[in-house]
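[1] coords below, sequence missing:
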């Protein structure tokens, strides 16, 4: 049983069915009937008018979002362990034409308002220094922790006061919302988010995330994003197959069902790994202390996962699992006994 | 029956089966078993060692190819009606960081060696002028014409003499090879091509083209292209679904079968439209003179297609058609009678 | 006596005196007393509120102007022989992050309204095609011809109707105004120009052109240009030496005096070269038919200039000359007799 | 007496004389006799073949250097308080097309080998992470400290082992060498430096720094830099006036004389400010603890300088000063008595 990554998992059946269901002749690019339904589907889900575009990957979604919010000479406040900083090979620099990532520390890959304020205060308002123009956060974070609506709103308030755009990387947004039990709106636009990268692929999709624009500038930003999408070679010839996957996710609640399953599996493992957890487990990722010998013991039983530096491991659960299906690993972790750091 | 675009057509059944067949757990990105087979599959097809990468769209494939061949201060010799000039919203400028497209005229969207030579001769070798660094051609061209191996080789010789990279946009490469009846190698690397955008989507795929690198610099260029692919957000999380489509195309000759079907359909229509053709029909596109009244007559019979300026139309056939299936349109065109320009 | 280029000429004495006059301690960058006078000096000269910035070169001035007017996915309508197209090594592509130069033909390097309109009409308003966002013209043109206020206004009207920015490369703006005898305002903002690259170096300066912003968006655009200037390494540490040069040019009419001298010299040569002129001589450049033997004859007498392709030459006069001082060359040209093309 | 910045100081007389001495007709751009002497002058000074180019500003010099060493998807190891990070409005991101600045901590703005090694070790060698491609240091540093030849060589060894380019920002290189008393070669190419931004403006010049290329790749990199210089609008029309200034600096030792004067002045102030120094004074900058009341006392006596956060100030000496001329400020600082932090 693998716990490498939610990317390693097959597509969920409803998404596969949606792809087959879109296999008809229609107009190319995003001129088809499926793409036309995206705005409505997300407006319903978020209880506000939304402009929505399919986009191939989270990296592209994040980068286009930042390009809409930050000029080339500007900076994006973000966490130093954010995906946009460490795992996108500089994609935000490519799309923004060289904007700076202003990377800040914080436990569990979460930005703290006080640290953000201090960073903003340190910027001289002259042409020599890069002005901050946006804040980007990831929810759930890269360490599997979840920002609450209040936490997002506190950052949103800073963004508002300083005239900054506010972006959320929601590669695991479903897991965050499943954990919070709140309305999607509460942790996004109601808390000040302008653009959300709404992840589908890690949650059971094949290819295609949604880029969502909220608020009064949504039309203008979406129009600009449409240019970036084309210009970056992301306007697929047969976009209906992406749109159909995304609609399958959001129109009947599949996105939350899948996330709840993955979160449940993670909680089951977290219970078993109490005392070994590097971070609280709030979504579908676990970072656990594990000696090389312990890791070997688990692998010998057929459980696979990535090492996380020395003496630790990352385990990711996914939509196809639940508390019951991961019980064998939970038992194997318990059998390791007490962890001596 | 629609003749809008090969993009409007459903996926061919073998490709859909390949997607289903790839629906297993495997490593993310391009670390999977399907992606690993690409180099071999294309090396067999092209009778030479090839480095191959899946890439979402033709626009991305073309742009990454050009970024590998041309520095930001360089220029790309191309046709003024090339897709990279007129239909990619400046994508090559984005990926090359501002390189110039040196657009030249030529009948049927084909570059002529003499015109290329004259353009090269006119460039002063100082720092004030943009130096040419690459040539890019499209085969089959944007007007459905096909470069022969000798024609490609004549341009390849110029590229060699002037130290230029040589790229082929093969969005309809299959249609070109099907028309020529030559080995794929003859019209590519044997004629001097360094990088080929090998199209699949117009030919029955869902998403995913192949970017192919030939010759002694293939390893270095592919390594650089891998960086661009990631940096542009084109490294899909679940690349196996793209690789599987491409393999389904090329491992058993499907790519040529599909192209032959589309070309056959186009020839049947071309025969019917003799006297109305703006360009010889060599692949799967027809550009025909058609008065508004004639167009209306055809549309009234259920045939749909795009206008091409005033008094003309573009018709594109696809893998799901053949001479027999398009016979109704052929008959309808014949019934229009003689065309008075 | 050299006629290579106005760049080859020494600095005029008043500019050298201004440099010496600025040789005092003051704040760095553009925080000095000289830089602070630029807005006022140009507002007076142009009879309207102007935002003015010194900038090292015409290439930088043009590129920053275009970056203020055109997004990366946009296009700039210009002449195919414009300096920005042929002599800036792709600088506009660098500063605009890949915008397209939409190069059009036209006699004497002048854009014609009908050709511009036709080009604009041919652009489909979808995301696949690059939208025009600016027009750029050069006055005096690269062939020494001058747009009249009416001619500029005709293009300005097109810009207004299509929502395009309108830029003038005025590397030889002084020569144009000296020829026209109009107010500087008449041929710029009153005719729709938003940004003017106001040349000084060819007209007797050492280093430093002025970038001028007109109209209601001047503050916002100048603020953005200030970012580009810094970001491109063009915010000199000791800007007062540039500002002083520019002020010396414009505060007492030196710019026009110098241009009149150069134009007068050119006219004297044009009279002598009647029958040999490739273009009407309206500023300080002559393009003359000259056989290799004739060129050799002139060079043997100590006159130097650049060849202009085969059988032709370019002669440029400058601020340090006038009709009288170039009389020897005029006589030598006359002595060549009738030109047989 | 001002201690704002070495930028605030007038030009030194020898440089002004050199400008006047270059005021002759010659070829434009860098085709003149002065520019032609740069390679030789710097090859002599550095005891090795050097390719040298004038360039307007330190920001441009640094950025072009980094663009020659680092691809868009790469990273530059540097100090978190380096000029390229905090005072260039993202210029390196502009010139490198989005490369990442990998900013590291270190006392006195100096990079420490162990911190650099740890950073390099943390980068995974896959396409998801930005690979380091260059190291950039500033000598003297932004806090007026000086890297010794051994310290530079230790970083140079890391660069060599990891295949990284190695750049030195030498805005105050003269002050560093004057402090060290070593050969310029010892602290540059002999210690592994590939490209040096050799500062002149802060040291008495008007406009123009030198960008120096060392080692076997110097020709290729200088050729590429020449393209960037043009493309960025930095190829001045009348380059001889820049070249003449630089030659005046280096051909007769003026650069060191000026730096020794400034350093001497700084030492005199440092002696007076013992107990107040935030950093050792090794070049021409002092960072001193100074209460608002103390600062006011000094300003009331006519000494001007910038605050440096709360309770501190930065004082910069320059070529026109020496120990004797700054004695009044030294006395005034001594008169402040003991500093209570």
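    Cool, the structure landed. Quick caveat, the model's predicted, so the values are computed rather than measured. Numbering: from 1, shown residues only, chains lettered A, B, ... in the order given.
[2] which residue is the nearest non-sequential neighbour of residue A:288?
    Computed as CB to CB, 6 or more residues apart in numbering or on different chains, the closest residue to residue A:288 that is not its neighbour in sequence is residue A:276, at 4.5 Å. Backbone N, C-alpha and C define where each C-beta goes, glycine included.
[3] which element, helix or strand, includes the nearest residue to residue A:158 once chain neighbours are set aside?
    Nearest non-adjacent residue to residue A:158, counting by CB to CB, 6+ apart: residue A:116, 5.6 Å away. Assessed by DSSP states H and E, residue A:116 sits inside helix A:113-121.
[4] in that helix, what counts as buried?
    A:116, A:119-120 (16 or more other CB atoms under 10 Å in any protein chain shown).
[5] quick check: residue A:160 vs residue A:215, distance?
    Residue A:160 sits 11 Å away from residue A:215, going by CB to CB, to the nearest Å.
[6] quick one, which of these two is more surrounded?
    residue A:215 (17 against 12; other CB atoms under 10 Å in any protein chain shown).
[7] specify the local secondary structure of the more buried one.
    Local secondary structure at residue A:215 is given as coil here, using DSSP: H, G, I helix; E, B strand; the rest coil.
[8] in the stretch 201-341 of chain A, which residue sits nearest chain B?
    Scanning the stretch 201-341 of chain A for the residue nearest chain B gives residue A:233, at 2.8 Å (criterion: CB to the nearest CB).
[9] quick one: contacts for the residue nearest to that residue when sequence neighbours are not counted?
    What sits nearest to residue A:233 in space, not counting adjacent residues and going by CB to CB, 6+ apart, is residue B:60, at 2.8 Å. The neighbours of residue B:60, taking CB atoms under 8 Å, 6 or more residues apart in numbering or on different chains as the test, are A:232-234, B:91, B:209, B:229, B:232, B:234.
[10] out of these, list just those in strands.
    Members of those lying in strands (criterion: DSSP state E): residue B:209.
[11] TSV for the contacts of residue B:60, including pLDDT, neighbour count and distance to residue B:298?
    Shown next, in TSV, are the contacts of residue B:60 (pLDDT from 0 to 100; neighbours: other CB atoms under 10 Å in any protein chain shown; distance: CB to CB, whole Å):
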residue	pLDDT	neighbour count	distance to residue B:298
A:232	98	30	37
A:233	97	29	34
A:234	97	28	34
B:91	97	30	34
B:209	98	33	32
B:229	98	26	42
B:232	98	30	41
B:234	97	28	39
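[12] what's the closest of the contacts of residue B:60 to residue B:193?
    Using CB to CB, residue B:209 is the member of these that lies nearest residue B:193, at 15.5 Å.
[13] distance from the helix holding residue A:116 to the middle of the chain?
    Here the centre of helix A:113-121 is set off from its chain's centre by 24 Å, with CA atoms, centre = their mean, to the nearest Å.
[14] go on, stretch A:199-211?
    Using CA atoms, centre = their mean, the offset of stretch A:199-211 from its chain centre is 10 Å.
[15] and it with chain C, contact?
    No: for stretch A:199-211, no contact with chain C is found by CB under 8 Å from any CB of the partner chain; the gap never falls below 14.4 Å.
[16] any residue of that stretch up close to chain B?
    Yes: Stretch A:199-211 reaches chain B (CB under 8 Å from any CB) through A:201-202, A:206-207.
[17] same check, this time on stretch A:312-321
    No: Stretch A:312-321 stays clear of chain B (CB under 8 Å from any CB), getting no nearer than 8.6 Å.
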